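S.K.: need coordinates for the below:
(one chain, ligands or ions: 1)
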Amino acid sequence: MAEASIRSEKPRHIVFKGEEELSKSLAKYTADLSEKFVRERGAFTVVLSGGSLIKSLRKLLEAPYVDSIEWARWHVFWVDERVVKKDHPDSNYKLAFDGFLSKVPIPPGHVYAINDALSPEGAADDYEACLRQLVKTEVVKLSKGNGFPKFDLMFLGMGPDGHVASLFPGHPLVKENQRWVTFIKDSPKPPPQRITFTFPVINSSSYIVQVVCGSNKAAAVHNALGTEKTSDPLPAAMVTPRDGELTWFLDEAAASLLRDKASL
Ligand SMILES: O=C1O[C@H](COP(=O)(O)O)[C@@H](O)[C@H](O)[C@H]1O
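M.R.: Below is the predicted model of the structure:
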């Protein structure tokens, strides 16, 4: 198990007056990266979170992006998933399908949902095997430095407790450094059974956006964006891409406890 990584400088953060402005900027940021990766490698690997993130992607469903993005080149994954049936209200797949994926022409074969017939252990193994196959076929890149998969763009949310994906404060899974995908059966946030990417996978991404809105998350934002060294950082503070770019997209409420909170 690795030591928790501790960053030495603050990641870039952008504060928006409200979630409406944030979602417009997030759409442009995403469309620009889609264009770049499709041009460079003919594919764009995108990792979604569950929760409030999906609503913040809604501007991608509007002009000009809905018509200009090369949706057929997108490959979509989940950073974490609840081990429930795909039509269950708690499913991150269902949330994304209903609010986003059903409205854009991404080929169904490019949408990599978990196998919802398996146990948490089985679903994590199965999802990792799927990623290993996609690395072989070069749909997903491999990080040269550490041998973990390297996704083009990863969208992260954050809970009020500072959790990201299904990696919760104080849980031993935050230190997992061998597996690509692992499972949890005692998630403090329901439902208890989930699978999740591990930190080495998250931190191998080329681009990570951490999207956080709301005053109930202000304390965790303040904690995670601080530079104070701690041996027990919040999971959100452990998002430290090794060879990539991290940008926090915050609304004014989430940024309200930061000293540097000038908004766009
Ligand atoms: O349970 C989860 O929570 C986090 C945060 O969700 P939010 O609704 O507070 O934005 C989410 O990022 C994660 O994917 C999800 O499984």
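S.K.: could you pick out the residues of the stretch 101-250 of the chain near the ligand for me?
M.R.: Contacts of the stretch 101-250 of the chain with the ligand, taken as CB under 6 Å from any ligand atom, map to 157, 159, 165-166, 189. No exception for glycine: its C-beta is placed from N, CA and C like everyone else's.
S.K.: out of these, which are buried?
M.R.: Buried by 16 or more other CB atoms under 10 Å: 157, 159, 165-166, out of these.
S.K.: which one of those residues sits closest to G42?
M.R.: A165 (27.5 Å; CB to CB).
S.K.: helix or strand right after the longest helix seen in the chain?
M.R.: Of all segments of type helix in the chain, defined using DSSP state H, the longest is helix 19-41. The helix or strand immediately downstream of helix 19-41 is strand 44-48, counting by DSSP states H and E.
S.K.: tell me the contacts of whichever residue of the chain sits closest to the ligand?
M.R.: The nearest approach of the chain to the ligand comes at G51, 2.3 Å away (CB to the nearest ligand atom). By CB atoms under 8 Å, 6 or more residues apart in numbering, the residues touching G51 are 92, 95, 157, 159.
S.K.: cutoff 7 Å now
M.R.: G157 (CB atoms under 7 Å, 6 or more residues apart in numbering).
S.K.: just D186 next, same as before
M.R.: P192.
S.K.: ok so it is a strand residue?
M.R.: No - if the criterion is DSSP: H, G, I helix; E, B strand; the rest coil, then D186 is coil and not within a strand.
S.K.: measure it to S166 for me?
M.R.: 11 Å (CB to CB, to the nearest Å).
S.K.: ok, now D126?
M.R.: D126 is 16 Å from S166, by CB to CB.
S.K.: number of residues surrounding E81?
M.R.: 31 (other CB atoms under 10 Å).
S.K.: three-state assignment of it?
M.R.: Taking three-state DSSP, the label given to E81 is strand.
S.K.: can you map out the helices along this protein?
M.R.: Using DSSP H, the helices found in the chain span residues 19-41, 53-56, 65-68, 92-99, 120-136, 199-202, 218-224.
S.K.: redo those as CSV? Include mean pLDDT.
M.R.: Converted to CSV, the helices of the chain look like this (pLDDT from 0 to 100):
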stretch, mean pLDDT
helix 19-41, 98
helix 53-56, 98
helix 65-68, 98
helix 92-99, 98
helix 120-136, 98
helix 199-202, 98
helix 218-224, 96
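S.K.: out of these, deepest packed?
M.R.: Of all the helices of the chain, helix 199-202 has the most neighbours on average by mean count of other CB atoms under 10 Å, namely a mean of 24.
S.K.: output that helix as CSV, nothing but the C-alphas.
M.R.: What follows is helix 199-202, C-alpha atoms only, in CSV (Å, rounded to 0.1, in the frame of the first residue of the first chain):
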residue,chain,number,x,y,z
PHE,A,199,-6.3,6.3,-7.1
PRO,A,200,-3.5,5.2,-9.4
VAL,A,201,-6.1,5.0,-12.3
ILE,A,202,-7.7,8.3,-11.4
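S.K.: I appreciate the help and will end here.
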